[in-house]
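Asks: Sequence and predicted model, in that order:
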Amino acid sequence: MKERLAGFLVMTAIVPLAVLGYLLLVWIGFFGRTARGRAGVRAMDHFVNATLFNGYAWESVSSHAWRARDRRWARVIIWLTDRVQKDHCRRANKREQPLVDLMLARGLHKQTVV
């Protein structure tokens, strides 16, 4: 219960900031530095992976899709990204899997508020 309350309070503060961050990211996409825009897009990619695809917060949708490539949603993601860059998901997983392994080994995915 304590973790749920803490999560609710954090989300109450984070969600409005996330909306503001998205709007800022759109502006940065047109007028800002590419590196800052890339960092924002990666953060949103990880957010979508953790929330919509039940993945790890330290992993992109592409890397997660490659790990779960036997699932229908993952095959759709792989097919879509292959239209833009061949083997995108495989390369993303190769780059990100060591981070996922480290996160699991250190237990960073476990409950922190008790």
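Replies: The structure has been received and is ready for your questions.

Asks: Who are the packing partners of the helix or strand encompassing S63?
Replies: Using DSSP states H and E, S63 maps to helix 61-67. In terms of contacts (3 or more Cβ pairs under 8 Å, 6 or more residues apart in numbering; DSSP states H and E), helix 61-67 is packed against helix 34-51, helix 72-84, helix 88-106. No exception for glycine: its C-beta is placed from N, CA and C like everyone else's.

Asks: Out of those helices, which is closest to V15?
Replies: Counting by Cβ to Cβ, V15 lies closest to helix 34-51 out of the helices and strands packed on helix 61-67; the figure is 10.8 Å.

Asks: what angle separates that closest one from helix 88-106?
Replies: Orientation of helix 34-51 against helix 88-106 (axes from the mean of the first three to the mean of the last three Cα atoms, to 10 degrees) gives an angle of 70 degrees.

Asks: How about helix 34-51, which residues are buried there?
Replies: Using 16 or more other Cβ atoms under 10 Å as the test for burial, helix 34-51 gives 37, 40, 45-47, 49-50.
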